[in-house]
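# Here is a sequence with its predicted model. Questions after.
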Amino acid sequence: MISQRYQLLRQTEVSPEKQALLMEQCRRDILFWFAHFCWTFDPRLAQPHQPFYLYPFQKKLVGQLSQAIGQGHDLLIEKSRDMGVSWLILLTFQYYWLFHSGSQFLVGSRKLDLVDKKGDLSTLFEKLRYNLRWLPPWMRPPGFTPIRHDSLLKLINPNNGNAIIGESSTVEFGRGGRYKAIFMDEFPFWDSDEQAFASSGQSSPSRILVGTPYGKNNKFAQLRFNSPIQVETLHWKKHPEKDEAWYQAQTRRMSPDEIARELDINYNLSLSNRVFSQFSENHKRDHLEPLEGRRILRSWDFGYHFPACIFAQLDDFDRIRILHEVVGYQELLKHFGERVLKISESLFPGVEFEDICDPAGSQRSDKSDKTSIDILNTLGVYPFFQRSLIVSGIERIRMKLAGESEGLPTLLIHRRCRHLIDAFEGGYRYASTDHELPYQEHPYEDVMDCLRYAVVYKCGISPPNTKPSRKYRPIDPYTGY
């Protein structure tokens, strides 16, 4: 294949007519340009300089990129690592920069040193320069000189006025210009992802967002799962040179969160700072029916306008079974409580309930004379509460996750409890490795707090120097309060 390229260049180097014909053919067909004139660099190979011959999945992606650029719409690309996507997008931009006037582009990454650093081929701009140097001289823009048209974070085509501009991730990303398309590389890792996505919205009709997963608590994941954005998934299995043996060799060198992030495109398991790394598919159940003749525990958390409640039971084998969850968003507690009661009647008719709650629910604030528990009392709900350290409750949940009884884990959760599962799989996480307490984010902290109250209450943690108050609960023969 290299010899074919060499012969083509030999035939055209002294023939301006053939050069003009090839330029026109490239202008009409981006895949022809890739096949005959694009190069890539891979230092892992004995010959690191390689013609960029596209695999079928890459040819398809070039078509999708051209469509997004031409029609003016956003495109999100979730991928395994090492799929050649950054090279592909950059060279697609370079193709338009060379052959189609009116093509202004912006490229960005999470920090400046990843956007442009002269001589560093891991940066976006150096990849552009690399391919530009490998193009035959007659294909480079007439009048192009590096000293005038190739500066830090900027490549200018003096023949048609096109430019490729670079920026790092900031809250003002892309706001100052107008672009045919914007490439946002490693977008799940941007610190200012929400603001950057918003600020770039009026600057271009086409934003190309690319990344490997990094949990669900970022703009990339929100767009992926909760927006109509076009999504292209590039799993390693689409690569013709990667098979199961390759995958197994890779996994032997990686941690579970690295495998989830770099190979499996698994958003939930891609974080290294999850609180509950013991959680697995074995804890989930498609069917988890309530046990007859037993009360169902409702566990309440009183986040300000973000309340939550889970329904759970403990069986004869000391397994805690989470049957359902209810999560509020910008919802007053009274309305939320009424909704929980309706759901209780609908899903679990004829069942008796017992209620526990956040100990903070007994505290009054300067906003109201009524406590959260007072509000539930007006609905006929009288929750018990028990104080314990957050870290103690977390350890008790870990014990339940690790435990087994009669061949089943001692913590089982119905798959419809989507928020709680997401919390287990990465939503409930430490802010960093040196933080003792998890990061506070709705709804993950709220549903996990509900579970913590339930486990502390049902599974035998005795709080130090505290005694539950009888004030908020009538005498009940089942509990003795």
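Nice, thanks for sending it over. Numbering: from 1, shown residues only.

# Can you give me the pLDDT of Ala402?
Here, the pLDDT recorded for Ala402 equals 93.

# packing partners for whichever strand or helix holds Ile322?
In this structure, Ile322 sits in strand 320-327 according to DSSP states H and E. For strand 320-327, the elements it packs on are strand 306-314, helix 333-347, strand 411-414, helix 418-422, helix 444-458, judged by 3 or more CB pairs under 8 Å, 6 or more residues apart in numbering; DSSP states H and E. Just so you know, the C-beta spots here come from the backbone N, C-alpha and C atoms, and that holds for glycine as well.

# hmm, who's touching the worst-scoring helix or strand of the chain on mean pLDDT?
Within the chain, no helix or strand scores below helix 2-12, which has a mean of 79 by mean pLDDT, DSSP states H and E. Helix 2-12 has contacts (CB atoms under 8 Å, 6 or more residues apart in numbering) with 18-19, 22, 36-37, 51, 136, 138.

# same deal with stretch 14-25?
Counting by CB under 8 Å, 6+ apart, 8, 11-12, 32, 36, 99, 138-139 sit against stretch 14-25.

# 6 Å instead, please
If you take CB atoms under 6 Å, 6 or more residues apart in numbering as the criterion, stretch 14-25 is touched by 12, 32, 138.

# Pull out the buried positions in that stretch.
19, 22-23 (16 or more other CB atoms under 10 Å).

# CA atoms of stretch 101-117 as PDB?
The C-alpha coordinates for stretch 101-117 follow below in PDB (Å, rounded to 0.1, in the frame of the first residue of the first chain):
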ATOM      1  CA  SER A 101     -13.600  27.700   2.100                       C
ATOM      2  CA  GLY A 102     -15.600  29.000   5.000                       C
ATOM      3  CA  SER A 103     -14.200  26.300   7.300                       C
ATOM      4  CA  GLN A 104     -13.300  27.700  10.700                       C
ATOM      5  CA  PHE A 105     -12.800  25.100  13.400                       C
ATOM      6  CA  LEU A 106     -12.200  25.100  17.200                       C
ATOM      7  CA  VAL A 107     -10.500  22.200  19.000                       C
ATOM      8  CA  GLY A 108     -10.200  21.900  22.700                       C
ATOM      9  CA  SER A 109      -9.300  19.600  25.500                       C
ATOM     10  CA  ARG A 110      -9.300  19.600  29.300                       C
ATOM     11  CA  LYS A 111      -6.000  21.500  29.600                       C
ATOM     12  CA  LEU A 112      -3.800  23.600  27.400                       C
ATOM     13  CA  ASP A 113      -0.800  21.200  27.200                       C
ATOM     14  CA  LEU A 114      -3.100  18.600  25.600                       C
ATOM     15  CA  VAL A 115      -4.300  21.100  22.900                       C
ATOM     16  CA  ASP A 116      -0.900  22.300  21.700                       C
ATOM     17  CA  LYS A 117       2.700  21.800  22.700                       C
END
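
# How about stretch 157-170, which residues are buried there?
Buried residues in stretch 157-170 (16+ other CB under 10 Å): 157, 160, 162-170.

# quick one: low-confidence ranges for the stretch 251-400 of the chain?
364-368 (pLDDT under 70).

# Hmm, Tyr96 is touching Ser103, no?
Yes: look at Tyr96 against Ser103 with CB atoms under 6 Å: they come within range, at 4.0 Å.

# How is this protein partitioned into domains?
56-263, 282-458 (automatic domain parsing).

# ends of the shortest one, how far apart?
Same thing as domain 282-458. End-to-end distance of domain 282-458 (CA to CA, to the nearest Å): 22 Å.

# That domain: how far from the chain's middle?
Centre-to-centre, domain 282-458 and its host chain are 25 Å apart (CA atoms, centre = their mean, to the nearest Å).
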